[in-house]
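**Q** Need the 3D shape of this:
(chains A and B)
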Protein chains: 2
Amino acid sequence: MTNNQQTLSAITTLIEQMAQIGKTSDGGVTRLLYTSDWFKAQQEISDLFQTHQLKTFFDDSGNVYGRAEGKAAAEPVILTGSHIDTVINGGKYDGTYGVLASLLAVSELLEEHGQPQKTIDVVSFCEEEGSRFPLNFWGSGSVTGIHTGKDYSDVLAADGTAFTEAKAQYGFGQGDYLPAERTDIGAFVELHIEQGAILADAGESLGIVKGIVGQKRFIFTVTGESNHAGTTPMHKRRDAMAVATELIHKLIETGRKTDVSFVATVGQMMVEPNTPNVIPGKVTFTLDVRHPSKEALVTYHSKINGFVDQLRTADVDIAVNHYSDVAPVAMSEKLAARAYEHAQAKGLKSRYMYSGAGHDAQILGSVVPTCLLFVPSKNGISHSPHEYTKPEDLQIGVDALKQVIYELAYT
Amino acid sequence: MTNNQQTLSAITTLIEQMAQIGKTSDGGVTRLLYTSDWFKAQQEISDLFQTHQLKTFFDDSGNVYGRAEGKAAAEPVILTGSHIDTVINGGKYDGTYGVLASLLAVSELLEEHGQPQKTIDVVSFCEEEGSRFPLNFWGSGSVTGIHTGKDYSDVLAADGTAFTEAKAQYGFGQGDYLPAERTDIGAFVELHIEQGAILADAGESLGIVKGIVGQKRFIFTVTGESNHAGTTPMHKRRDAMAVATELIHKLIETGRKTDVSFVATVGQMMVEPNTPNVIPGKVTFTLDVRHPSKEALVTYHSKINGFVDQLRTADVDIAVNHYSDVAPVAMSEKLAARAYEHAQAKGLKSRYMYSGAGHDAQILGSVVPTCLLFVPSKNGISHSPHEYTKPEDLQIGVDALKQVIYELAYT
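**A** Residues are numbered from 1 along each chain as shown, chains lettered A, B, ... in the order given. All right, here's what the predicted structure looks like:
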């Protein structure tokens, strides 16, 4: 076997091995933060790090590291990896592929080039999805210090389990491990399946991410008055549905007209009383908008305010709760250029692109130079047992990742 | 006391007396078909009929009658009354007021004018609301023969109770009583609270109904494809919410522009998967439209088809289920004119109007000359413990009803 064939075999074998932990009846994977399957997975990753000659250690949040010590121990550390948790009944690739690819890339680098100049840490972040507790990016956020000193004692899972208790059950959050926050990181490199169909539709194998889109989330509450559908004339109505649907139509149309990178989604709606023969007195709906440019998001936000002012009347009120505002995060141009040169040299079908989904690279990318690479996911599917990426593309990802890590840690 | 003062006292006393049966903790009334409170109420009405010198009998559906035999026994019967059932936690007036007002009107007519020319039957219909079983107008529909020979053995309440079993529990549907269907009725007169605010807003005391609006009900199913809110470009989306809201906006606006009597309501919506960060793959919503003219409803329906053809694409399908189509029912012009003359003679604040809500008069009105009268309901409220009509207006209703029955049965 050539080296590439070995990797190809290794990556698919490891993905299948990890997919056994938290396997669901229809072939998916469920590994929620601080559950037994999650803990088994982190232990398995720790064992794999050891098998591959990496020094392994947990931090106090439950992130697990595999370290290849560099010759220049004082230099900032090169971090690479992704997350091990999944959504409920998610796929085998999301997160896990990135952890395993980083492990293989570093292992091969050690084999081919010996000890690196800079220390390389492969990381398996404990949590990224926010599927059990309302704290997504808990793993990478702990590393960058977002959560340091914050009190999460009132954070609960949907079933009422306290975050701090679940964490303590596996020995974390007690100060028995290294603190999660780190200030010694010099760069971060992450490989992930694309959670969209851009690469798959174009038949391309590698996406080089220029930035992760910013995102604003809103909850609109339109309040009128419930009334009889037969006996209330149109001009006497305070119809929350009439106003909500007109507003949603404007919000989506404006998103569509902004530019090709702009997305606007009204995904959730609640109607009260939600009965065919009663005029709705209250309609609540969400709006999620994303774009690589902060300015475009701010401009859109001001348009929202305009629409609301235009449609709000004495009869029907519109309240807007702008409950989430995540700024776009640019990836390192220099590292992206290295990946691009690699792709050109290898004759890979590749492209520069933006990520419409959030990733750990977005958290690290706001503090250190960061590189995010994508491989295609069949039909753009993610968060599903149907996630699939061809072994050849998995391989292309590992090779590109290896190239970027080499540039960072060996040169 | 004058005669009017006696009636005024009698009507409010009787309404309070009946409101004790099925009384809810917040002062409302729940009397669902073929439940013990419903049966108690019909027995109480039967007792009241007897107390007022009316010959009482049940039919096999559970309608209860109080008869004043006419001199000309072969002449068609003059029927007057309303229904005794309520919605869950409904008010004291809806239905019950009409039954009691008919009883008092006939009782006074007997006292003042002796035996009528034609037989008068006061009826307490067993069911009108459709609140327990999906069979509204069960009482009046049984009388006009709508249900004769139909098999309702698979009709269930929401809790799984079979209609036929519930009916048998109180001895109905066994052939022990007179058959419900009648062909001897010559006219019907009903008095009801207005289930809307037209009279209340105008400070008027009597509504003389020209007709009950026709009603079409639709369920729209808009089907696209669920997808990631961040990674699916707008031009690649099959967004069911985008199409549904554009369609609803057109449906409501077109209803608003048709004419002042047209009402269009989208009261219920279901979104799948209904998650903020997923593009909705399916949106289902209801549309309820009503108008006094069949032609206006047919024209609107053809516009619906136009909108659907315009918005349906290869990516997003729209299916329309026109599941209910009730034709408008005209009330007797002659009887309405008698009521109007009475109102003019008494100097009452009154108006001709259409009913946007369904009533037993709509069922009888499609087979015999029918008169429907309204008194105001405070703030237009109905189907609520907050239903309220001033004693003076209750009195005005009884007087007008009495006048119409007199015209029909004594002249």
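**Q** The residue lying closest to A:Leu100 once chain neighbours are set aside: helix or strand, and which one exactly?
**A** What sits nearest to A:Leu100 in space, not counting adjacent residues and going by CB to CB, 6 or more residues apart in numbering or on different chains, is A:Leu14, at 4.5 Å. Using the backbone N, CA and C atoms, a C-beta is placed for each residue, glycine as well. Element membership of A:Leu14 [criterion: DSSP states H and E] is helix A:3-19.
**Q** where does A:Glu407 land in three-state SS?
**A** helix (DSSP: H, G, I helix; E, B strand; the rest coil).
**Q** So it sits against A:Arg338, correct?
**A** Yes: counting by CB atoms under 8 Å, A:Glu407 touches A:Arg338, with 5.0 Å between them.
**Q** hmm, back to that, check what pLDDT the residue nearest to A:Leu100 gets.
**A** Confidence at A:Leu14, expressed as pLDDT, is 97.
**Q** Quick one: the helices in chain A, in order.
**A** A:3-19, A:36-51, A:96-113, A:138-144, A:163-169, A:198-202, A:240-258, A:294-311, A:333-346, A:360-364, A:391-409 (DSSP state H).
**Q** export those helices to JSON lines and tack on mean neighbour count?
**A** Shown next, in JSON lines, are the helices of chain A (neighbours: other CB atoms under 10 Å in any protein chain shown):
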{"stretch": "helix A:3-19", "mean neighbour count": "16"}
{"stretch": "helix A:36-51", "mean neighbour count": "18"}
{"stretch": "helix A:96-113", "mean neighbour count": "23"}
{"stretch": "helix A:138-144", "mean neighbour count": "27"}
{"stretch": "helix A:163-169", "mean neighbour count": "17"}
{"stretch": "helix A:198-202", "mean neighbour count": "18"}
{"stretch": "helix A:240-258", "mean neighbour count": "23"}
{"stretch": "helix A:294-311", "mean neighbour count": "15"}
{"stretch": "helix A:333-346", "mean neighbour count": "17"}
{"stretch": "helix A:360-364", "mean neighbour count": "27"}
{"stretch": "helix A:391-409", "mean neighbour count": "23"}
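**Q** would you list the ones you listed in CSV and tack on distance to B:Glu75?
**A** Output for the helices of chain A, formatted as CSV (distance: least, CB to CB, whole Å):
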stretch, distance to B:Glu75
helix A:3-19, 85
helix A:36-51, 83
helix A:96-113, 87
helix A:138-144, 84
helix A:163-169, 81
helix A:198-202, 80
helix A:240-258, 51
helix A:294-311, 60
helix A:333-346, 96
helix A:360-364, 86
helix A:391-409, 90
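**Q** Can you check the pLDDT for the closest residue to chain B within the stretch 1-150 of chain A?
**A** Residue nearest to chain B within the stretch 1-150 of chain A: A:Gly130 (10.3 Å; CB to the nearest CB). For A:Gly130, the pLDDT comes out at 89.
**Q** Number of residues surrounding it?
**A** If you count neighbours by other CB atoms under 10 Å in any protein chain shown, A:Gly130 ends up with 15.
**Q** Apart from its neighbours in sequence, what residue is nearest it?
**A** Leaving aside its sequence neighbours, A:Gly130 sits nearest to A:Asn136 (CB to CB, 6+ apart; 2.9 Å).
**Q** backbone phi and psi for the one you found, please?
**A** phi -80, psi 160 (degrees, to the nearest 10).
**Q** I'd say A:Asn227 and A:Arg238 touch.
**A** Yes: the criterion here is CB under 8 Å, and A:Asn227 meets it with A:Arg238 at 7.4 Å.
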